[in-house]
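*Asks:* Coordinates for the following, if possible.
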Amino acid sequence: MLSKVQIEDFWRDGFIVAEDAVDARQLAALRDTLAGWVEESRAHHAPFGEPTVDGRPRFDLAPEHTAASPALRRVNNPSEIDEAYMEAMRDSAMTDMVADLIGPDVKHHHCKINLKLPGANTEVRYHQDFAYTPHTNDDVVTALLMTDDMTEENGCLMAVPGTHRGPMFSLFDGDRFTGFVAPGEERELRAREEPILGRAGSVCLMHTRLAHGSEPNRSASSRGLYICVYTAADAFPIARNPMPSRNEGMIVRGRRTRRARLSEAVIELPEQPIRASFFAVQEEASEASS
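*Replies:* Modelled structure (predicted):
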């Protein structure tokens with residue numbers, strides 16, 4: 001699915017954007033389902049829905065959420081509850097693209113929807129995904145499928161090319177887990193950040209060690225991302241999945257293995273307080289630092 005140039009760009013920069021990661025039918029089904037969940041959220045005033053396997057609410061709401069102006073910001077593991085999201089995760093061009101990068105044997109780790117509706121205040125502080133989900137090796141790809149056009153105005157992903165080849169940043173302030181890098185490091189990263197833009201149906205394939213964040217949505221258009229995390233079959237987690245799922249470990253391409261491939265590294269293990277989403281974890285840490 002990916003060209004030789006795209007593969008080379010991924011390993012050089014730590015990310016690429018590829019179009020047509022799902023077909024028109026798949027994209028329409030994803031968007032229709034998500035619109036229904038947004039409509040359902042109007043009737044709620046706190047995180048809601050059938051609990052995930054670790055007991056957290058399926059749907060997370062931002063503090064500014066109201067019935068008139070909904071701010072649904074996270075759906076935890078939607079592939080567990082909706083066939084369209086299962087199909088996109090397991091059987092789409094996106095899955096084949098991931099296999100081009102870390103295959104041929106690929107397994108699913110977890111998935112989620114991060115949604116910024118118009119007027120949403122959701123900000124994602126700078127971090128690296130691998131610090132949340134360390135594995136025995138870093139052949140781990142975060143696939144961010146755009147269910148809407150992603151623009152600078154609606155809170156696109158911002159990333160720093162090449163940081164996947166650099167050091168791991170701590171997500172602790174002393175002994176307190178914040179979920180984001182230190183303020184000085186964040187300022188330095190923001191000085192080098194680049195926007196990741198794309199049309200609905202495109203995917204950003206991001207290396208697990210790439211430093212990234214995003215700003216609030218300051219536009220009248222929504223920004224939805226269906227985020228699926230995949231690993232090489234021989235990459236095994238060394239910390240609890242921060243979003244455990246019935247589908248964790250599902251082989252989506254190739255074959256299963258019982259042999260773990262080890263990469264030499266010193267890895268800071270995360271703390272993983274159970275909240276409706278990691279947005280709440282970052283918000284609590286930001287408030288404590290103020």
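*Asks:* ok, so what distance separates the residue lying farthest from the centre of the chain from Arg42?
*Replies:* No residue in the chain sits farther from the centre than Ala68, which is 27.3 Å out by Cα atoms, centre = their mean. Going from Ala68 to Arg42 by Cβ to Cβ, to the nearest Å gives 8 Å. Every residue, glycine included, has its C-beta placed from N, CA and C.
*Asks:* And the residue farthest from the centre of the chain, what's its pLDDT?
*Replies:* Note for Ala68: predicted pLDDT of 96.
*Asks:* quick one, what contacts it?
*Replies:* Arg42 (Cβ atoms under 8 Å, 6 or more residues apart in numbering).
*Asks:* Could you name the helices and strands sitting against whatever helix or strand Val75 lives in?
*Replies:* According to DSSP states H and E, Val75 maps onto strand 72-76. When contacts are defined as 3 or more Cβ pairs under 8 Å, 6 or more residues apart in numbering; DSSP states H and E, strand 72-76 packs onto helix 24-41, strand 59-61, strand 106-116.
*Asks:* Which residues does it contact?
*Replies:* The contact list for strand 72-76, computed with Cβ under 8 Å, 6+ apart, reads 34, 37-38, 41, 52, 56-62, 65, 112-117, 120, 122, 243, 276-277, 279.
*Asks:* Convert it to PDB, retaining C-alpha atoms only.
*Replies:* What follows is strand 72-76, C-alpha atoms only, in PDB (Å, rounded to 0.1, in the frame of the first residue of the first chain):
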ATOM      1  CA  LEU A  72     -17.800  14.600  23.500                       C
ATOM      2  CA  ARG A  73     -14.000  14.200  23.400                       C
ATOM      3  CA  ARG A  74     -13.200  10.500  23.700                       C
ATOM      4  CA  VAL A  75     -14.700   7.100  22.900                       C
ATOM      5  CA  ASN A  76     -12.700   4.300  24.500                       C
END
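*Asks:* so how far is that strand off the chain centroid?
*Replies:* How far strand 72-76 lies from its chain's middle: 11 Å, per Cα atoms, centre = their mean, to the nearest Å.
*Asks:* Strand partners (parallel or antiparallel) of it?
*Replies:* Partners of strand 72-76 in the sheet, by DSSP bridges, are strand 59-61 (antiparallel), strand 106-116 (antiparallel).
*Asks:* can you tell which of those strands is closest to Ser92?
*Replies:* Nearest to Ser92 among the strands paired with strand 72-76 is strand 106-116; the distance by Cβ to Cβ comes to 12.3 Å.
*Asks:* Contacts for whatever helix or strand comes next after that closest one, please.
*Replies:* Where DSSP H and E defines the elements, the next helix or strand beyond strand 106-116 is strand 124-127. The contact list for strand 124-127 (Cβ under 8 Å, 6+ apart) reads 114, 169, 171, 178-181, 185-186, 189-190, 211-214, 279, 282, 286.
*Asks:* that older thread, could you dump the helices and strands packed on strand 72-76 into a markdown table and include mean neighbour count, distance to Val203 and mean pLDDT?
*Replies:* Shown next, in a markdown table, are these (neighbours: other Cβ atoms under 10 Å; distance: least, Cβ to Cβ, whole Å; pLDDT from 0 to 100):
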| stretch | mean neighbour count | distance to Val203 | mean pLDDT |
| --- | --- | --- | --- |
| helix 24-41 | 16 | 11 | 98 |
| strand 59-61 | 25 | 23 | 96 |
| strand 106-116 | 24 | 13 | 98 |
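*Asks:* and Ala93, which of those is closest to it?
*Replies:* Ala93 lies closest to helix 24-41 among the helices and strands packed on strand 72-76, at 9.0 Å (Cβ to Cβ).
*Asks:* before we move on, the earlier item: for the contacts of strand 124-127, which ChimeraX command selects only the ones that are buried?
*Replies:* In ChimeraX syntax, the buried subset of those is picked out as below (16 or more other Cβ atoms under 10 Å):
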select :114,169,171,178,179,180,181,186,189,211,212,213,214,279,282
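*Asks:* Any idea how far stretch 84-98 is from the middle of the chain?
*Replies:* The chain centre lies 15 Å from the centre of stretch 84-98; the measure is Cα atoms, centre = their mean.
*Asks:* List the buried residues of that stretch.
*Replies:* 84-90, 92-98.
*Asks:* for stretch 47-64, same thing?
*Replies:* Result for stretch 47-64 [16+ other Cβ under 10 Å]: buried residues 47-49, 52, 56-62.
*Asks:* need the contact list for Asp9.
*Replies:* Neighbours of Asp9 in contact, by Cβ under 8 Å, 6+ apart: Ile16.
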